[in-house]
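Trainee: have a look; sequence and predicted model below, questions after that.
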Amino acid sequence: MKEQLFVYKNGDAVEVKPKSFCFELAMEGYISDNPNVLSNGTLDLMNPEVEEYEKMIASNKRIDLLLRYANDTKAVVELKNVPVKNDALNQLDDYLNIFRRQQSEDEPVIGLLVGPEIENDVLKRIEADQTLFNPIFGVELQRYFDDGRWLVFTRWYIPQTWNKNKRDYTKYVLNNGHHLLGKGRLVYEVIKDYLSKNPRRTIGELQSAFPGTLRSTTSGITQLQVVEDETKVKPQDRFVRYFKDSLPCADGDIVVSSQWGKGNIDAFISHARNMGYSISTT
């Protein structure tokens, strides 16, 4: 959405013309020097730091910028210096899937699709398209120059499901240890410890000890097992829905679900405490 900017000079409203970035690398350099331009207090995305530039994640696939916000949310940033089209949105969703599979921790990851203008059909998909696997935000970034001053404005477009499913960033301590664990990592470490103490458990016995009902939604529907036989997991789900490192049972290897949030973690914590685990929050 193109905005008109006016400033008052000598009592008259004078329009300031936009000064677009000529190249994507120029936009990347500007954001790298001024990362706070991609802050959003309403979303608790503040004080971003650039972790990496031009990060290669696969052959011929490269992330423009990787940001980390103060709340530990990582943002994969796709930059365009021209109006943003659907192919850029599809590209970013693909990059996010690859990047998430490469992460060993359950840190929250979002996508930022940044450009001077985002086409309406793209905005509709960002805000309401349920086929996008990852949370992607649209950010229109417009730059103006007037009397030696650079003026930059951003407009954010937010997925409709974001506020309903807003992440809770509570960290946990297991058995009075020294590591702060996110929700998914807490589950993984409990099951890893349980197996180290019970190495003769079969996959079926482990699933009985940690039943899929612990991951039930508020409607009572179980969408995913807590642990699953690695050989039964679909290849497209292996590193998206489960932790990278498998764990050994008596009759095969299992993988642990990484899909945990404030809607299902309490049941698991209560179950683990009943098994004798000490879990506290920070």
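Mentor: Right, received. Where do you want to start? Numbering: from 1, shown residues only.

Trainee: for the residue nearest to the spatial centre of the chain, which non-adjacent residue is closest in space?
Mentor: The residue lying closest to the centre of the chain (Cα atoms, centre = their mean) is residue 109, at 1.7 Å. Once flanking residues are discounted, residue 109 sits nearest to residue 74: 4.8 Å by Cβ to Cβ, 6 or more residues apart in numbering. All C-beta atoms are positioned from the backbone trio N, CA, C, and that covers glycine.

Trainee: ok, now which ones touch the residue nearest to the centre of the chain?
Mentor: Residue 109 makes contact with 73-76, 96, 99-100, 103, 134, according to Cβ atoms under 8 Å, 6 or more residues apart in numbering.

Trainee: could you do residue 158 as well?
Mentor: Contact partners of residue 158, counting by Cβ under 8 Å, 6+ apart, are 43, 127, 137.

Trainee: likewise for residue 45?
Mentor: With Cβ under 8 Å, 6+ apart, residue 45 has these contacts: 38-39, 69, 71, 73, 75.

Trainee: domains of this protein?
Mentor: Domains of the chain are assigned by automatic domain parsing as 5-164, 172-281.

Trainee: any chance of those in JSON lines with mean pLDDT as columns?
Mentor: Below are the domains of the chain laid out as JSON lines (pLDDT from 0 to 100):
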{"stretch": "domain 5-164", "mean pLDDT": "86"}
{"stretch": "domain 172-281", "mean pLDDT": "88"}
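
Trainee: measure the residue nearest to the centre of the chain to residue 99 for me?
Mentor: Distance of residue 109 to residue 99, given as Cβ to Cβ, to the nearest Å: 7 Å.

Trainee: between those two, what contacts are shared?
Mentor: Contact criterion Cβ under 8 Å, 6+ apart; residues shared by residue 109 and residue 99: residue 76.
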